[in-house]
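**Student:** Okay, sequence plus prediction incoming.
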Amino acid sequence: MSVVGDLTWVAGTGNRFALHDALRFGVLEDPASLARELSSDERRPDGLLVVDRDEAGRLRMTIYNRDGSRPQACGNGLRCVAWYGVRAGHAQAGVEFPIATDAGVRRALVAGEPRVSMGAGQRVAEHALDLGGALVTGHECDLGNPHLVIVRDALRDEDVLTWGPALQERFPAGINVEFVVVHPDRFEARVWERGVGETAACGTGACAIALALANTLPAAVDLPGGRLTIDMADGELWLSGAVEELA
């Protein structure tokens, strides 16, 4: 495993993160400022992951967005932390282990592609939206962080880059916006993420899409960064996908 300074660079299905292991390198004095500084790095991380342990001794993930804000949940970040935890010897491969997050304690299993629990999720409300004369339904979901899922007939730059930030501003705490094309055997999506902008992938967003639109699980969600798979076990959504180390 390659560590540059005290940072490990990882990507979860296209989501790029710098990861700081506070168990090995100590507590960061100002992680929010570091996240903002890293936004200008040529690797363009979507955020900073900080790994330590909580009072109960469980691995803990804290994430800071590119703008320094601290979201409650991040599915791909959680998968990266699970992968790193095993690689660094903080957890055991093939054995389920807990990871504490700002959205609650989640479970992880690394046996091949990292797989993490995301809670049951909640369908919150439906919103009638006017996108430049096109009337659409926005499905608001809660995955520990807020999401707005919108079905479209195609994935357009105008939707993501114009309506993504515009819709985000309509919600007091901001919201992540997923634009989705429904295919018979999969979903195709692009995501505008609060505090980041458009991302190559969004794990909680993929779960929100499955929660709002899938008739059966497992469901496959194809994003610019690759495929994420969502299934259900023990009353919780579980998220699976690739993790790779970045040079």
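**Tutor:** Sure thing, it's come through.
**Student:** Shouldn't D231 be within a strand?
**Tutor:** Yes. Assessed by DSSP: H, G, I helix; E, B strand; the rest coil, D231 belongs to a strand.
**Student:** Report the contact partners of the nearest residue to it once chain neighbours are set aside.
**Tutor:** Nearest non-adjacent residue to D231, counting by C-beta to C-beta, 6 or more residues apart in numbering: P218, 3.9 Å away. Just so you know, the C-beta spots here come from the backbone N, C-alpha and C atoms, and that holds for glycine as well. P218 makes contacts with T229, I230, D231, M232, as judged by C-beta atoms under 8 Å, 6 or more residues apart in numbering.
**Student:** In ChimeraX, how would I select the buried members of those residues?
**Tutor:** This is how ChimeraX selects the buried members of these, with burial counted by 16 or more other C-beta atoms under 10 Å:
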select :229,230,232
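**Student:** Pick out whichever of the contacts of P218 sits closest to L161.
**Tutor:** I230 (25.8 Å; C-beta to C-beta).
**Student:** SS state for the residue nearest to the closest one when sequence neighbours are not counted?
**Tutor:** Using C-beta to C-beta, 6+ apart and skipping residues adjacent in sequence, the residue nearest I230 is A210, 4.1 Å away. Classification of A210 using three-state DSSP returns helix.
**Student:** all numbers from here: first residue = 27
**Tutor:** All set: I'll call the first residue 27, so the last point we hit is now A236.
**Student:** mind checking how far A236 is from H153?
**Tutor:** From A236 across to H153, the span is 19 Å (C-beta to C-beta, to the nearest Å).
**Student:** more crowded one of the two?
**Tutor:** Using other C-beta atoms under 10 Å, the more surrounded residue of A236 and H153 is A236, with 27 against 15.
**Student:** Distance of the more buried one relative to A37?
**Tutor:** 22 Å.
**Student:** hmm, what's the outermost residue in this protein?
**Tutor:** Distance from the C-alpha centroid of the chain, by C-alpha atoms, centre = their mean, peaks at G159 (30.7 Å).
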